[in-house]
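*Asks:* Need the 3D shape of this:
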Amino acid sequence: MISIIIPVYNASPYLYACVESCLAQSYRDFELIAVNDGSTDSSGEILEEYARKDSRITIINKENEGLPKARETGIAKARSEYVFFLDADDTITPDALEILWNEAQASGCDMIIGQIAVLTESGRIIADTVNKCIYPESEQSLICSILSKSILPSLCGKLIKKRLFEKIMFPYQYTIGEDVITILEIIKAHSPSLSIFNQRVYNYIQHPGSMVNINNTTTADMRMKYMVWVYEYLRNIEHSDDLKNCIAKFFIEEYFAFLRDGGTNCPLFLKESIYGEYIRNKWAISKLTFWRLIMVKLYESSPILGKIMRWLLINIRRIAR
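*Replies:* Numbering: from 1, shown residues only. Predicted structure coming up:
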């Protein structure tokens with residue numbers, strides 16, 4: 001059996017499609033745990049409607065405490081060996097659970113990683129992620145893959161053994177990077193085995209109000225808090241050449257996002273690492289898009305030009321959508 005865990009907060013416009021995608025699964029032996037995280041819209045009523053029709057659906061109503069706490073609450077209720085996380089504004093493919101379950105049985109791995117498609121609300125595919133573990137097999141290989149995004153750093157789209165969430169700290173105080181923090185905590189506590197199965201199982205739908213589409217200083221400040229957490233985590237790990245490369249790429253990309261969101265308050269130690277070390281890493285630079293690299297460099301040499309480029313990038317992105 002698989003436990004699907006759906007944290008729900010004011011998701012009524014998307015909830016029908018989300019739950020229907022679960023009920024349409026070819027693999028039938030699952031429970032659906034919906035954690036209603038203090039919703040103030042009709043999400044609770046929608047969930048109750050489904051629970052009356054299908055005994056596999058369990059609803060947990062709680063006060064609003066954020067995504068990590070909602071997930072932890074769902075995990076505590078789960079009765080299965082494996083859990084699968086689904087955001088309330090996304091959907092899964094009809095054979096998602098069957099694909100992941102069959103691979104879990106064949107491989108015996110702790111984490112089965114499926115493919116995620118990024119879609120617009122109209123259903124147009126923006127990107128199809130392809131997961132690759134491109135580094136020599138070791139505890140550092142998964143860290144490298146997560147930081148470099150050769151494996152999509154999301155808890156969604158993965159079938160994960162429930163026991164991996166034991167003895168870890170959930171990132172309650174984070175609204176950016178909480179999935180990366182959780183995965184890094186899992187690596188530190190359990191050194192999980194993984195199997196990559198590149199067949200689409202998850203539809204990540206970009207809505208106008210999605211966190212990925214919000215650019216403001218509050219988002220920037222939370223991103224910096226997340227970057228500092230990762231920096232501190234990595235200080236206690238021996239750095240291979242591969243890991244050094246991935247660290248450099250990770251922090252340049254996250255610093256770009258921080259600047260794009262209007263961030264200004266970067267700790268001196270991190271800024272010195274970015275401009276004194278990471279920006280000089282030839283491998284990392286070769287993996288970055290030209291305009292991201294230029295904007296990061298401009299903010300060092302001429303903050304005014306950096307702000308002009310930020311304005312151009314944000315508005316071009318809005319027009320493109």
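
*Asks:* surely Y50 meets I57?
*Replies:* Yes - Y50 lies in contact with I57 (C-beta atoms under 8 Å); the separation is 5.4 Å. All C-beta atoms are positioned from the backbone trio N, CA, C, and that covers glycine.

*Asks:* what do these two both touch?
*Replies:* Both Y50 and I57 are in contact with V19, where contact means C-beta atoms under 8 Å, 6 or more residues apart in numbering.

*Asks:* At which residues are the strands of this structure located?
*Replies:* Here the chain has its strands, by DSSP state E, at 2-8, 30-37, 57-62, 82-85, 91-92, 111-120, 125-128, 158-161, 194-206.

*Asks:* possible to save those strands as CSV with distance to E178?
*Replies:* Formatted as CSV, the strands of the chain follow (distance: least, C-beta to C-beta, whole Å):
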stretch, distance to E178
strand 2-8, 11
strand 30-37, 14
strand 57-62, 17
strand 82-85, 11
strand 91-92, 20
strand 111-120, 17
strand 125-128, 21
strand 158-161, 15
strand 194-206, 15
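
*Asks:* Pick out the shakiest of the ones you listed, pLDDT-wise.
*Replies:* The minimum mean pLDDT among these belongs to strand 125-128 (a mean of 86).

*Asks:* what comes into contact with that one?
*Replies:* Identification of contacts with strand 125-128 by C-beta under 8 Å, 6+ apart yields Q115, A117, V118, L119, T120, R200, Q206.

*Asks:* Repeat that for stretch 244-254.
*Replies:* By C-beta under 8 Å, 6+ apart, stretch 244-254 touches 143-144, 147-148, 223, 226-227, 230-231, 234, 239, 270, 273-274, 277-279, 281, 283-285, 287-288, 292-293, 296.

*Asks:* Among those residues, which are located in helices?
*Replies:* Filtering these for membership in helices, criterion DSSP state H, returns 143-144, 147-148, 223, 226-227, 230-231, 234, 270, 273-274, 283-285, 287, 292-293, 296.

*Asks:* any idea how far W229 is from E254?
*Replies:* Relative to W229, E254 is positioned 11 Å away (C-beta to C-beta, to the nearest Å).

*Asks:* So these two - more neighbours on which side?
*Replies:* Between E254 and W229, E254 has the larger neighbour count (other C-beta atoms under 10 Å), namely 21 against 17.

*Asks:* What pLDDT does the model give that one?
*Replies:* We have a pLDDT of 98 for E254.

*Asks:* Mark out where each domain of this structure begins and ends.
*Replies:* 2-209, 214-320 (automatic domain parsing).

*Asks:* Which stretch among these is buried most, on average?
*Replies:* The highest average neighbour count among the domains of the chain, using mean count of other C-beta atoms under 10 Å, belongs to domain 2-209 at a mean of 18.

*Asks:* so how far is that one from its chain's centroid?
*Replies:* Relative to the centre of its chain, domain 2-209 is centred 9 Å away, using C-alpha atoms, centre = their mean, to the nearest Å.

*Asks:* End to end on stretch 147-165, go ahead and measure it.
*Replies:* Stretch 147-165 stretches 20 Å from its first residue to its last (C-alpha to C-alpha, to the nearest Å).

*Asks:* any weak-confidence spans in this protein?
*Replies:* By pLDDT under 70, the low-scoring segments of the chain are 136-139, 209-215, 317-321.

*Asks:* which residues does the residue most central in space within it contact?
*Replies:* In the chain, the residue lying closest to the centroid (C-alpha atoms, centre = their mean) is S154, at 2.9 Å. Applying C-beta under 8 Å, 6+ apart, we find S154 in contact with I116, D179, Y204.

*Asks:* hmm, 10 Å instead?
*Replies:* Neighbour list for S154: F85, D87, I113, I116, T129, I146, D179, V180, T182, I183, Y202, Y204 [criterion: C-beta atoms under 10 Å, 6 or more residues apart in numbering].

*Asks:* Distance of it relative to G114?
*Replies:* 11 Å.

*Asks:* got it, and T40?
*Replies:* Distance of T40 to G114, given as C-beta to C-beta: 33 Å.

*Asks:* ok, now L234?
*Replies:* Distance from L234 to G114, by C-beta to C-beta: 27 Å.

*Asks:* Then Y172?
*Replies:* Relative to G114, Y172 is positioned 27 Å away (C-beta to C-beta).

*Asks:* try L164
*Replies:* Look at L164 and G114: by C-beta to C-beta, they are 17 Å apart.

*Asks:* cool, and A78?
*Replies:* According to C-beta to C-beta, A78 and G114 sit 19 Å apart.

*Asks:* How about A104?
*Replies:* 11 Å.

*Asks:* Need the residues touching each of these two.
*Replies:* Counting by C-beta under 10 Å, 6+ apart, the residues touching both A104 and G114 are L159, S195, F197.

*Asks:* In this structure the second one contacts I151, no?
*Replies:* The one in question is S195. No - look at S195 against I151 with C-beta atoms under 10 Å: they stay out of range, at 11.5 Å.
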